[in-house]
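1. I need the structure of the sequence given here:
(one chain, ligands or ions: 2)
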Amino acid sequence: MAVYTEVSDAELEAFLAEYDIGSPESFKGIAEGVENSNFLLTTDKGPYFVTLYEKRVDPKDLPFFLGLMDHLAARGINCPQPIHGRDGKALRTLAGRPAAITTFLQGLWPRRMTLGHCGQVGEALAALHLAGRDFELKRPNALSVAGWRPLYEGSRHHIDAPLAAELEAEIDFFEANWPSGLPSGVIHADLFNDNVLFLHDKLSGLIDFYFACNDAFAYDVSICLNAWCFEPDKSFNATKGRALLQGYEAVRPLGDDERKVLPLLARGSALRFLLTRLYDWVHTPPDAMVKRKDPQEYLAKLRFHRGISSIADYGL
Ligand SMILES: Nc1ncnc2c1ncn2[C@@H]1O[C@H](COP(=O)(O)OP(=O)(O)OP(=O)(O)O)[C@@H](O)[C@H]1O
Ligand SMILES: N[C@@H](CCO)C(=O)O
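-> Ligands and ions are numbered 1, 2, ... in the order given. Reported below is the predicted structural model:
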């Protein structure tokens, strides 16, 4: 259940008075999601999505996230579009938290990922990369290589010695070998299946831009390969991988430099999600309301990519 902050009727009324979105008919907490408090607001003009940003989102990043959604929506990307109040502002305060209203997107995220989903995700990711190219604000990726050692240091006393040695060797390796100079721009950085909505098997929306940042486009592709193209038994599905890459390249072909380092990036992105999951695993009480995500899944992916030296080895 992810409603951390309760909103009183009076607070809601004062907040909505700043907007021109009709009269409220209902305001319901949304159980899914772990980072923020989310609500479905229905007014006589339709449904809206209200988010109260909780502690894990740094308020100074909010102009980047909201500005990016505005920018992408204006360029035809199906993403939540921030609603601006009468004063022109999209970001204000509700119940003591930074808060915003966006459009409500129809669709559901897929519990079981199919080939058809993978192709569409590839296309949508490339379209996002192209649409973000002229976005003016910048946000460095706080969860790239420099962010990995602190996550590891915060978790190492909770894991066994062989795993600690393996992770430390990976971090040493990436600190010395992380590729630079790749084509870069705004990336989503967390385009997992729970952040992509489909309606009747057609992609209807990309959500949750709260890890978006500036980084290599191919790194974002590698995050999607990891998130969409492995089976529940942890095996890589090359057919899904091909579908995702073909979808991506139909919109934005990858350069030879990007293809060459894709296995390295996929290994790095596996390590990134392994470390954040591990950190959350050891720091979230087991009885907390949020479901912790399995670090082992990403350990298996990391080990798989470590055995790959070229994109051809994936069968791609
Ligand atoms: N604009 C939107 N329109 C319709 N539904 C949405 C919208 N944004 C989010 N949702 C729904 O709300 C759920 C939670 O949203 P979101 O993923 O942004 O939450 P979060 O608190 O940032 O958590 P997490 O980062 O763990 O996913 C999503 O799974 C989706 O079903
Ligand atoms: N997508 C991340 C969670 C953060 O949104 C994960 O699966 O580890």
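2. that's a helix at residue 125, yeah?
-> Yes - counting by DSSP: H, G, I helix; E, B strand; the rest coil, residue 125 is found in a helix.
3. I'd say it and residue 220 touch.
-> Yes - look at residue 125 against residue 220 with CB atoms under 8 Å: they come within range, at 6.2 Å. For the C-beta atoms, the positions are set from N, CA and C on the backbone; glycine is no exception.
4. Between the two, which contacts overlap?
-> Common contacts of residue 125 and residue 220, defined by CB atoms under 8 Å, 6 or more residues apart in numbering, comprise 188, 191.
5. Could I get the buried residue list for stretch 41-57?
-> 41, 43, 48, 49, 50, 51, 52, 53, 54, 57 (16 or more other CB atoms under 10 Å).
6. What of stretch 260-280?
-> Quick answer for stretch 260-280 (16+ other CB under 10 Å): 261-280.
7. Is any residue of it near ligand 1?
-> No - Stretch 260-280 does not reach ligand 1 (CB under 6 Å from any ligand atom); its nearest approach is 10.4 Å.
8. How far off centre is that stretch?
-> 14 Å (CA atoms, centre = their mean, to the nearest Å).
9. Now do that stretch, average pLDDT.
-> Mean pLDDT, stretch 260-280: 97.
10. As a check, name the ranges of all helices in this protein.
-> Taking DSSP state H as the criterion, the chain carries its helices at 9-16, 62-74, 115-131, 145-153, 161-177, 217-228, 238-251, 256-283, 295-306.
11. The third one - contacts with which helices or strands?
-> Pointing back at helix 115-131 there. helix 62-74, strand 184-187, strand 196-199, strand 202-206, helix 217-228, helix 238-251 (3 or more CB pairs under 8 Å, 6 or more residues apart in numbering; DSSP states H and E).
12. Can you tell me which residues in the stretch 201-316 of the chain are near ligand 1?
-> So the stretch 201-316 of the chain meets ligand 1 at 207, 208, 210 (CB under 6 Å from any ligand atom).
13. What of the stretch 51-200 of the chain?
-> Applying CB under 6 Å from any ligand atom, one finds that the stretch 51-200 of the chain approaches ligand 1 through 80, 102, 104, 105, 109, 194, 195.
14. where's residue 187 relative to ligand 2, distance?
-> 14 Å (CB to the nearest ligand atom, to the nearest Å).
15. so who does the nearest residue to that residue once chain neighbours are set aside touch?
-> Closest residue in space to residue 187, ignoring its immediate chain neighbours: residue 220 at 3.9 Å, by CB to CB, 6 or more residues apart in numbering. Shown in contact with residue 220 (CB under 8 Å, 6+ apart): 125, 129, 187, 188, 189, 191.
16. What pLDDT does the model give the last one?
-> Per-residue pLDDT puts residue 191 at 98.
17. In this structure it contacts residue 223, no?
-> Yes - Residue 191 is in contact with residue 223 according to CB under 8 Å; the separation is 6.4 Å.
18. Now do the contacts for the closest residue to ligand 2 within the stretch 1-150 of the chain.
-> Closest to ligand 2 within the stretch 1-150 of the chain is residue 35: 6.9 Å, counting by CB to the nearest ligand atom. Residues near residue 35 by CB under 8 Å, 6+ apart: 2, 54, 56, 57, 210.
19. from those residues, which is closest to residue 119?
-> residue 210 (25.7 Å; CB to CB).
20. can you count the residues close to that closest one?
-> Neighbours of residue 210 under the rule other CB atoms under 10 Å: 20.
21. Look up how far residue 112 lies from it.
-> Going from residue 210 to residue 112 by CB to CB, to the nearest Å gives 25 Å.
22. circling back: now that you've got the residues of the stretch 51-200 of the chain next to ligand 1, can you turn the buried subset into something I can paste into ChimeraX?
-> Applied in ChimeraX, the following selects the buried portion of those according to 16+ other CB under 10 Å:
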select :80,102,105,109,195
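23. Alright, calling it a day.
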